[in-house]
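> Here is my input, please return the structure:
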Amino acid sequence: MRILVEEKLERYIALFHLCDCPRCWADAKALALSRLPAKYVVLSESAYPPMMNLYRAKFDSMVTSQVVYACKQVLDAPRHTL
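Numbers count the residues shown, from 1 in each chain. This next block holds a predicted model:
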(Lines give C-alpha, C1' and ligand atoms only; values in the text may rest on other atoms or scores of the structure.)
Protein backbone atom coordinates (compact mmCIF):
# COMPACT_ATOMS: atom_id res chain seq x y z
CA MET A 1 0.00 0.00 0.00
CA ARG A 2 2.86 2.38 0.74
CA ILE A 3 3.94 2.43 -2.89
CA LEU A 4 0.39 2.96 -4.15
CA VAL A 5 -0.17 5.81 -1.68
CA GLU A 6 3.12 7.48 -2.58
CA GLU A 7 2.28 7.36 -6.30
CA LYS A 8 -1.11 8.99 -5.73
CA LEU A 9 0.11 11.41 -3.08
CA GLU A 10 2.56 13.07 -5.41
CA ARG A 11 -0.26 13.89 -7.84
CA TYR A 12 -2.81 15.01 -5.26
CA ILE A 13 -0.40 17.18 -3.29
CA ALA A 14 0.11 19.20 -6.46
CA LEU A 15 -3.60 19.14 -7.32
CA PHE A 16 -4.65 20.49 -3.90
CA HIS A 17 -1.70 22.93 -3.77
CA LEU A 18 -0.74 21.31 -0.48
CA CYS A 19 2.58 22.30 1.05
CA ASP A 20 5.15 19.78 -0.16
CA CYS A 21 7.49 20.10 2.80
CA PRO A 22 8.68 16.79 4.28
CA ARG A 23 6.40 17.14 7.33
CA CYS A 24 3.19 17.66 5.30
CA TRP A 25 4.20 14.83 2.97
CA ALA A 26 4.79 12.49 5.90
CA ASP A 27 1.57 13.51 7.64
CA ALA A 28 -0.55 12.94 4.53
CA LYS A 29 1.14 9.62 3.80
CA ALA A 30 0.77 8.39 7.38
CA LEU A 31 -2.87 9.42 7.57
CA ALA A 32 -3.75 7.72 4.29
CA LEU A 33 -1.85 4.55 5.18
CA SER A 34 -3.40 4.33 8.63
CA ARG A 35 -6.87 4.29 7.04
CA LEU A 36 -6.04 1.55 4.53
CA PRO A 37 -5.69 -2.20 5.11
CA ALA A 38 -2.11 -3.41 5.43
CA LYS A 39 -0.80 -5.46 2.50
CA TYR A 40 2.61 -6.97 3.10
CA VAL A 41 4.08 -9.12 0.34
CA VAL A 42 7.50 -10.52 -0.48
CA LEU A 43 8.03 -10.83 -4.22
CA SER A 44 10.77 -11.71 -6.62
CA GLU A 45 11.73 -9.01 -9.11
CA SER A 46 9.92 -10.83 -11.93
CA ALA A 47 6.68 -11.09 -9.92
CA TYR A 48 6.72 -7.45 -8.78
CA PRO A 49 5.28 -5.66 -11.86
CA PRO A 50 2.26 -7.93 -12.39
CA MET A 51 1.41 -7.96 -8.68
CA MET A 52 1.64 -4.18 -8.44
CA ASN A 53 -0.62 -3.86 -11.47
CA LEU A 54 -3.11 -6.17 -9.77
CA TYR A 55 -3.01 -4.13 -6.55
CA ARG A 56 -3.31 -0.85 -8.48
CA ALA A 57 -6.44 -2.12 -10.21
CA LYS A 58 -7.95 -3.67 -7.11
CA PHE A 59 -7.32 -0.83 -4.64
CA ASP A 60 -7.29 2.25 -6.91
CA SER A 61 -10.51 3.85 -5.69
CA MET A 62 -9.82 3.00 -2.04
CA VAL A 63 -6.31 4.49 -2.19
CA THR A 64 -7.53 7.56 -4.07
CA SER A 65 -10.27 8.29 -1.55
CA GLN A 66 -7.90 7.98 1.41
CA VAL A 67 -5.22 10.12 -0.24
CA VAL A 68 -7.79 12.83 -1.00
CA TYR A 69 -9.05 12.66 2.59
CA ALA A 70 -5.49 12.89 3.94
CA CYS A 71 -4.62 15.84 1.71
CA LYS A 72 -7.73 17.73 2.84
CA GLN A 73 -6.96 17.04 6.50
CA VAL A 74 -3.36 18.21 6.21
CA LEU A 75 -4.41 21.24 4.15
CA ASP A 76 -6.90 22.24 6.85
CA ALA A 77 -4.49 21.70 9.74
CA PRO A 78 -0.82 21.63 8.69
CA ARG A 79 1.62 20.75 11.48
CA HIS A 80 4.77 22.20 9.96
CA THR A 81 6.61 25.25 11.24
CA LEU A 82 7.11 27.84 8.52
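
> low-confidence ranges in the protein?
82 (pLDDT under 70).

> quick one, longest helix in it?
Identified as the longest helix of the chain according to DSSP state H is helix 48-76.

> Which strands and helices lie in contact with that helix?
helix 2-15, helix 22-34 (3 or more C-beta pairs under 8 Å, 6 or more residues apart in numbering; DSSP states H and E). Backbone N, C-alpha and C define where each C-beta goes, glycine included.

> Report the buried residues of it.
By 16 or more other C-beta atoms under 10 Å, the buried positions in helix 48-76 come out as 55, 59, 63-64, 66-67, 70-71, 74.

> what number of residues lie near residue 19?
17 (other C-beta atoms under 10 Å).

> what about it, distance to residue 65?
21 Å (C-beta to C-beta, to the nearest Å).

> tell me the angle the longest helix of the chain makes with helix 22-34.
Angle of helix 48-76 versus helix 22-34, following axes from the mean of the first three to the mean of the last three C-alpha atoms, to 10 degrees, is 120 degrees.

> re the thing from before, so which of the helices and strands packed on helix 48-76 is nearest residue 80?
Across these, residue 80 has its closest neighbour in helix 22-34 (4.2 Å, C-beta to C-beta).

> which residues touch the closest residue to residue 73 other than its chain neighbours?
Among residues not flanking residue 73 along the chain, residue 31 sits closest, at 5.9 Å (C-beta to C-beta, 6 or more residues apart in numbering). Under the criterion of C-beta atoms under 8 Å, 6 or more residues apart in numbering, the neighbours of residue 31 are 66, 69-70, 73-74.

> quick one, phi psi at the closest residue in space to residue 72 that isn't next to it in sequence?
Distances taken as C-beta to C-beta, 6+ apart put residue 16 closest to residue 72, at 7.2 Å, once the chain neighbours are dropped. Backbone torsions for residue 16, taken as degrees, to the nearest 10, come to phi -90, psi 0.

> doesn't residue 71 make contact with residue 16?
Yes. With contacts counted by C-beta atoms under 8 Å, residue 16 reaches residue 71, the gap being 4.7 Å.
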